[in-house]
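> Predicted model, plus sequence, below.
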Amino acid sequence: MLQAALNGARPADAHPALPVLPRHLARDARAVARLGITSVHVHPRDDTGAETIEPAVVGDVVALIRQEAPGIEIGVPTGRWIQPDPADRVETVLAWGRLGSGKPDVCGVNVHELGWTDVCRAAWSVGIAVELGVWTSGDAVTLRQNGLPPGTRRVIAESTVVDPETAVAEGIRILRALGQPPVPVLLHGEEEGAWPVLEYATRVNIDTRIGFEDVLVRPDGWLATGNDDLVRTALSIRV
């Protein structure tokens, strides 16, 4: 499975085609869906362009994407950098359960963040699956010790090392520490490490992702024209 991560935490001026507004996220979701993508991860923004997990904004973004790309899996973050208080994150996620067609299918929960198990429990209680973010081999050990929370759809192994010479090695360390969990593992990198990690994931036949959240350029160093350009390039590598 190739997932598209459409915008992430990047500022609006990071790239001329970075989708920030709901209609632009929906446009990009539709474009990558036409290329065969079945899962997108998006970071909703408020009127100032700041990331938010407020239910009203999340609901608008998800509903619009669902309208433009029916059937695609839609995921959003629950990051501490967006909402620092764990109890507030839990209450927000519970409120997502009342969003109807604007309810996300899945939410990202980082294992290193305080209160992560409570957020997972809240999400699953309202029918939202979980992607568990594992950034280090230490996070992987924490996850193995705690076990997978109910509702876990996949584990996201994130090589945050941007050096292209060592990004793959870091990803492999995380994978080894994870062992063989009973759910799919998605491995991805970021910035200069994004394409080497994607190529490795492709070679060993595990799920991966690409999109403006992770990288702004193609493997040849040229600026990508859009998320669909990145996806098209990734799919050509997977042949």
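Okay, I see it. For clarity, every value in this text was computed on a predicted model and none was experimentally measured.
> Identify each buried residue in stretch 21-37, please.
Across stretch 21-37, burial judged by 16 or more other CB atoms under 10 Å covers P22, H24, L25, A26, R27, D28, A29, R30, A31, V32, A33, I37. Just so you know, the C-beta spots here come from the backbone N, C-alpha and C atoms, and that holds for glycine as well.
> Pull the distance from whichever helix or strand the fourth one is part of to the chain's centre.
Under DSSP states H and E, the secondary-structure element containing A26 is helix 22-33. The gap between the average C-alpha position of helix 22-33 and the chain average comes to 15 Å, counting by CA atoms, centre = their mean, to the nearest Å.
> Pull the contacting residues for the residue nearest to H15 when sequence neighbours are not counted.
The spatially closest residue to H15, leaving aside those adjacent along the chain, is L216, at 5.3 Å (CB to CB, 6 or more residues apart in numbering). The contact partners of L216, by CB atoms under 8 Å, 6 or more residues apart in numbering, come to A14, H15, L223, A224.
> so V231 touches I210, yeah?
Yes - V231 sits in contact with I210 when judged by CB atoms under 8 Å, with a separation of 6.1 Å.
> Overlap in contacts, the two.
When contacts are counted by CB under 8 Å, 6+ apart, the set common to V231 and I210 consists of L2, A4.
> okay, which residue is most central for the chain?
When the chain is reduced to its mean C-alpha position, the closest residue under CA atoms, centre = their mean turns out to be H41, at 4.3 Å.
> Would you mind measuring from that residue to A12?
According to CB to CB, to the nearest Å, H41 stands 18 Å off from A12.
> what do you get for P70?
As defined by CB to CB, P70 lies at a distance of 27 Å from A12.
> Neighbour count: the two, which is higher?
Regarding P70 and A12, a neighbour count based on other CB atoms under 10 Å identifies A12 as having more, with 15 against 9.
> Torsion angles phi and psi at the more buried one?
Its backbone dihedrals place A12 at phi -60, psi -30, with angles given as degrees, to the nearest 10.
> got any ranges where the chain has weak pLDDT?
Counting by pLDDT under 70, the low-confidence segments of the chain come to 238-239.
> Quick check: longest helix in it by residues?
In the chain, with assignment by DSSP state H, the single longest helix is helix 55-68.
> Brilliant, that's me finished.
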